[in-house]
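Chemist: here is my input; please provide its structure:
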Amino acid sequence: MPQQNPAKYVAGAGDIETTYAYDGLGTMEDPFVVEFHEGDSENPMNWSSFRKWAITAIVTLSVFAVTFTSSAYSESSIELMQDLNMESEVFILGLSLFVLGFAIGPAIWGPL
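Modeler: This next block holds a predicted model:
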């Protein structure tokens, strides 16, 4: 297919017609424009206050749980090393990997 504006391109006999669901071409000069329809239930602006607060509470509690887990692991260092018969280097490695994942994880998962 020739490199033309698909909106102006007329399909030939053997061509597959290209249609887009959104305005724009999806390029840097003419990006897709995605808009919600009036009253769309998927639009976050149309969600109920209860749903918005519930999502906020779930995310907040998840962050709290992860933060609490990291501090609980480090607080129990003496008991863990005694019960599992491990050296301090092994315990520090586990703690370091947890903190490293806590620091680098958002940079990796955020864009995804």
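
Chemist: where does the protein dip in pLDDT?
Modeler: Of all residues in the chain, those with pLDDT under 70 make up the ranges 1-22.

Chemist: can you list the domains in it?
Modeler: For the chain, automatic domain parsing gives the domain ranges 1-35, 48-109.

Chemist: turn those domains into a markdown table, columns for distance to Glu42 and mean neighbour count.
Modeler: Any C-beta I mention is one placed from the backbone N, CA and C, and that applies to glycine too. As requested, these are exported to a markdown table (distance: least, C-beta to C-beta, whole Å; neighbours: other C-beta atoms under 10 Å):
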| stretch | distance to Glu42 | mean neighbour count |
| --- | --- | --- |
| domain 1-35 | 11 | 9 |
| domain 48-109 | 12 | 11 |
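
Chemist: quick check: which of those is nearest to Ser41?
Modeler: For Ser41, the closest of the domains of the chain is domain 48-109, at 10.4 Å, according to C-beta to C-beta.

Chemist: tell me how far the ends of the closest one are from each other?
Modeler: For domain 48-109, the first-to-last residue distance is 28 Å (C-alpha to C-alpha, to the nearest Å).

Chemist: what's the answer for stretch 80-92, then?
Modeler: 12 Å.
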